[in-house]
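Participant: Show me how the following folds:
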Amino acid sequence: MSRRVWQVSELIGEVNSLLEQGFADLQLEGELTNVSRSGRGHLYFSLKDSEASLECVMWGGRAARLRFAPEDGLAVLARGSLTVYPQRGRLQLVVEDLQPQGIGALQLAFEQLKRRLAAEGLFDEARKRPLPALPQRVGVVTSRSGAALQDMLKVLRRSRHLEVILAHAMVQGEGAAAEIAAALQRLGASRLVDLVIVGRGGGSLEDLWAFNEEPVARAIATCPVPVISAVGHEVDFTIADFVADVRAATPTQAAEMVAARLDEQERRVAEGRAGLERDLRRHLQLARTRLAGLEGSSGLARVPQRVRLLQARMERARRLPALVALLAERSRGRLAQAVGALRRLPARVAAGGHRRLLDSRREQAGQLIAARLQRLRAALASAERSLHHLGPLQVLERGYSITTVEGLAAPLREAGAVRPGQVLRTRLARGTLRSVVAGEGPRRARPAAPGRQPSLFGEEDGE
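Facilitator: Alright, predicted model coming up:
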């Protein structure tokens, strides 16, 4: 009997048929080695244990759906079919699914991305930005139909001057991460907001997974304004929490952070306004007291008249520059007329006495203007000195004093107005004295010149 002669491809096809029947859907555990990925996304690796190794391939479509990144040394459970690779005649496992051993795929992917981004410095405290002290517009990245948005708006609407701009995005499911990242980029590029809150309500690790993906992390890191991450509940942590400038345990807490800063600013403004009002009232009361103490001085009665006189003089002095300019303009006009007339004269006449006459007139005009200015300046200085001497403090400097009964504003004019035991306050040019009335002294009439009465300013009445 003659033996069958096989073609290589026939034999491998027959073997593959047998393998598909006996090893079509098997599970194999082992450790990953020689992990590599082709340009088309196919994943190549070997599964090994302490005594053997098997080559494996995972085609690009399935490899792209892996939540974690396969790496050497990772213990996994692979599910697939055993086959022979015809071009090389090697036994291999075509893997349909790959799961890490001892830890879930999502948790492993979380840890892997966290390590990588931490190594890049995206979690460093040095790059965290403080929240603005007085935000006027806050951007919110979340789903418009989620309960988290309503919770945040309920808090943020306490501040009537705060504007909220919503950037809607899916927060769960396929494509959610891309929408969240795009919403963050739109808000940052708009330059309309002072800070951004990104988040959603609680859920499982699978529900919150969009906030654990790299596009969201990088969008937060590159956002030009501070970002508050508010994902899930207090026990939930995502990659977004580590990258964001501030983490809030819940969306409501994130809104409270913003509203609290505005409440604090309003409190400080209210306290400042109250303090200013207290200071103004105190200064006003002090000024009224001082004015009441000076009202009884007879010399002050002439102050308004003197002030009006000095103000009139000062007003004339303020008009002096305009008058001088007018005089100068008229002189220049007359000079121009003279020059024109001189130019119309024959050269021999213009070069003679007329030029000397013009020079003499110009010099005289300058001297007259200078003398007039000097007189007006002297008058202004005299008026300023007179106004200074009329001040109440100058009167006190000449040795006078003002005495009042403590608690009253009107000055004392006669000794009979006080009783023993009363406290008096005597104001001097520098300082104030307090004294107690021991008793009334003997009254003596003070002679006065007929028709004249001493003035508080050291001048005679009727002046």
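Participant: The longest helix seen in the chain packs against which elements?
Facilitator: The residue-count maximum for a helix in the chain (DSSP state H) belongs to helix 251-294. In terms of contacts (3 or more C-beta pairs under 8 Å, 6 or more residues apart in numbering; DSSP states H and E), helix 251-294 is packed against helix 147-156, strand 195-200, strand 227-231, strand 402-405. Yep, even glycine has a C-beta here, placed from its N, CA and C like the rest.
Participant: how about 7 Å then?
Facilitator: helix 147-156, strand 195-200, strand 227-231 (3 or more C-beta pairs under 7 Å, 6 or more residues apart in numbering; DSSP states H and E).
Participant: now the angle between helix 147-156 and it, please.
Facilitator: Counting by axes from the mean of the first three to the mean of the last three C-alpha atoms, to 10 degrees, helix 251-294 lies at 10 degrees to helix 147-156.
Participant: any idea of the mean pLDDT for the helix or strand following helix 251-294?
Facilitator: Scanning forward in sequence from helix 251-294 by DSSP states H and E, the next helix or strand is helix 303-344. In this model, helix 303-344 has a mean pLDDT of 81.
Participant: Helix 251-294 and helix 303-344, what's the angle between them?
Facilitator: Going by the same axes, to 10 degrees, helix 303-344 makes 100 degrees with helix 251-294.
Participant: Tell me the gap between helix 303-344 and the middle of its chain.
Facilitator: For helix 303-344, the gap between its own C-alpha mean and the chain's C-alpha mean amounts to 54 Å (C-alpha atoms, centre = their mean, to the nearest Å).
Participant: Check stretch 131-138 too.
Facilitator: Worked out by C-alpha atoms, centre = their mean, stretch 131-138 lies 8 Å from the chain centre.
Participant: Quote the end-to-end distance of it.
Facilitator: One end of stretch 131-138 to the other measures 11 Å (C-alpha to C-alpha, to the nearest Å).
Participant: Show me what it is in contact with.
Facilitator: Stretch 131-138 is contacted by residues 156, 161-165, 192-195, 197, 226, 246, 257-258, 261, 265 when judged by C-beta atoms under 7 Å, 6 or more residues apart in numbering.
Participant: Over that stretch, what's the mean pLDDT, rounded is fine.
Facilitator: pLDDT averaged over stretch 131-138 gives 88.
Participant: As JSON lines, the helices and strands packed on helix 251-294 with mean neighbour count would be great.
Facilitator: Shown next, in JSON lines, are these (neighbours: other C-beta atoms under 10 Å):
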{"stretch": "helix 147-156", "mean neighbour count": "18"}
{"stretch": "strand 195-200", "mean neighbour count": "27"}
{"stretch": "strand 227-231", "mean neighbour count": "28"}
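Participant: re earlier: just the buried ones out of the contacts of stretch 131-138, please.
Facilitator: If you count burial by 16 or more other C-beta atoms under 10 Å, the buried members of the contacts of stretch 131-138 come out as 156, 162, 164, 193, 194, 195, 197, 226, 246, 257, 258, 261.
Participant: any idea how far residue 132 is from the fifth one?
Facilitator: Between residue 194 and residue 132 the distance, using C-beta to C-beta, to the nearest Å, works out to 5 Å.
Participant: ok, now the second one?
Facilitator: Between residue 162 and residue 132 the distance is 12 Å, computed by C-beta to C-beta.
Participant: So for the two, which residues contact both of them?
Facilitator: Between them, residue 162 and residue 132 share no contacting residue, judged by C-beta under 7 Å, 6+ apart.
Participant: residue contacts, the residue nearest to residue 99 when sequence neighbours are not counted?
Facilitator: Excluding its sequence neighbours, the residue lying closest to residue 99 (C-beta to C-beta, 6 or more residues apart in numbering) is residue 77, at 5.0 Å. When contacts are counted by C-beta under 7 Å, 6+ apart, residue 77 touches 27, 29, 99, 101.
Participant: right, and residue 94 touches residue 84 too?
Facilitator: No - checked against C-beta atoms under 7 Å, the pair residue 94 and residue 84 is beyond contact range at 10.7 Å.
Participant: so what are the domain limits for this protein?
Facilitator: As assigned by automatic domain parsing, the chain contains the domains 8-102, 125-263, 298-390, 396-436.
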